[in-house]
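*Asks:* Please find the sequence and the predicted model below.
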Amino acid sequence: MQSTESTFPDFFADAPQITLRDPLAEFLGAARGGLMTYRYADAVRLAGHSCPTVAGAWLMTVRGLRALYGDETPVRGEVEVFMRGGREDGANGVVGTVVQLITGAAPETGFHGIGGRFSRHQLLRFDQPVQGTLGLRRQDSGRAVQVELDASVVPWTDEMRALLPRAAAGRASADELARFGTLWQGRVRQMLVEHADDPRLVRVAAWDAAVPA
């Protein structure tokens, strides 16, 4: 399959995608039936880059929603997200941004709704008692899962490790930088295509722990 945008690597089009129903989009006539399909390229546009963190956040959210909804179409804006760390911890900000894109869950800056409906406000919370990287909970049924990413399942190559210091320090040649980009996206491709359904990379488990109401 070829990428729908020539500026992106072709493998972006082979990454898992997900279709959700957004009641707010349906209410406002923005999408027929509220159905919208999200693709990895959407997350790249939002983040401004493609990396293992963005890819991992994408896979965790897609896999988590599939576990929550099964054969049903996930409902955007009706899923609560619980992040284990603080918003400024590590790459939590990037992860939270990707999760928000897909689920519609927003922190305190989120949409407050219309007539008591469609609120996204405070559906994304940080510093929560989650054993995984993040937790997802359906508002309608209360069913919840926690999701954990183990990026070590797809390690950097030795060549990548050798090039990284030179590239980061601005000392790499044009050829080395081109090779660096190829290797960088090579790991992302492995995660999104070859290991998209690998239970070692993304672990999803039912979550019975108490979470804030």
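*Replies:* Looks like it arrived, so ask away. Numbering: from 1, shown residues only.
*Asks:* check which helix or strand covers the closest residue to residue 118 other than its chain neighbours.
*Replies:* Nearest-residue entry for residue 118: residue 24, 4.2 Å, with adjacent residues in sequence omitted and distances by Cβ to Cβ, 6 or more residues apart in numbering. (C-beta placed from N, C-alpha, C; glycine too.) Following DSSP states H and E, one finds residue 24 within helix 23-27.
*Asks:* which strands and helices sit next to that helix?
*Replies:* If you count contacts as 3 or more Cβ pairs under 8 Å, 6 or more residues apart in numbering; DSSP states H and E, helix 23-27 packs onto no helix or strand.
*Asks:* how close does the residue nearest to residue 118 sit to residue 120?
*Replies:* Separation of residue 24 from residue 120 (Cβ to Cβ, to the nearest Å): 8 Å.
*Asks:* Show me the helices in this structure, by range?
*Replies:* 23-27, 40-47, 52-69, 92-103, 158-168, 174-189 (DSSP state H).
*Asks:* wait, which of those helices is closest to residue 140?
*Replies:* helix 52-69 (10.3 Å; Cβ to Cβ).
*Asks:* hmm, who's touching the helix holding residue 24?
*Replies:* For helix 23-27, the external contacting residues (Cβ atoms under 8 Å, 6 or more residues apart in numbering) are 30-34, 36, 75-78, 104, 111, 114, 117-118.
*Asks:* before we move on, what about stretch 68-76?
*Replies:* 18-23, 25, 34-36, 65-66, 79, 102-104, 136, 138, 140, 143-145.
*Asks:* For that stretch, the averaged confidence score.
*Replies:* The pLDDT scores in stretch 68-76 average 97.
*Asks:* Would you pull up how far it lies from the middle of the chain?
*Replies:* 16 Å (Cα atoms, centre = their mean, to the nearest Å).
*Asks:* quick one, phi/psi of residue 196?
*Replies:* Residue 196 adopts backbone torsions of phi -60, psi -30, taken as degrees, to the nearest 10.
*Asks:* Show me the residue sitting in the middle of the protein in space.
*Replies:* residue 58 (2.5 Å; Cα atoms, centre = their mean).
*Asks:* I'd like to know which of the contacts of stretch 68-76 are buried.
*Replies:* 18, 20-22, 25, 34, 36, 65-66, 79, 102-104, 136, 138, 144-145 (16 or more other Cβ atoms under 10 Å).
*Asks:* now this structure, which segments are flagged as low pLDDT?
*Replies:* Counting by pLDDT under 70, the chain has low-confidence residues at 1-5, 209-213.
*Asks:* List the contacts of residue 203.
*Replies:* 132, 147, 148, 149, 150.
*Asks:* 6 Å instead?
*Replies:* Contacts for residue 203 (Cβ atoms under 6 Å, 6 or more residues apart in numbering) come out as residue 148.
*Asks:* Give me the distance between it and residue 147.
*Replies:* 7 Å.
*Asks:* same question, residue 138
*Replies:* 14 Å.
*Asks:* swap in residue 77?
*Replies:* 19 Å.
*Asks:* again, but for residue 53
*Replies:* 14 Å.
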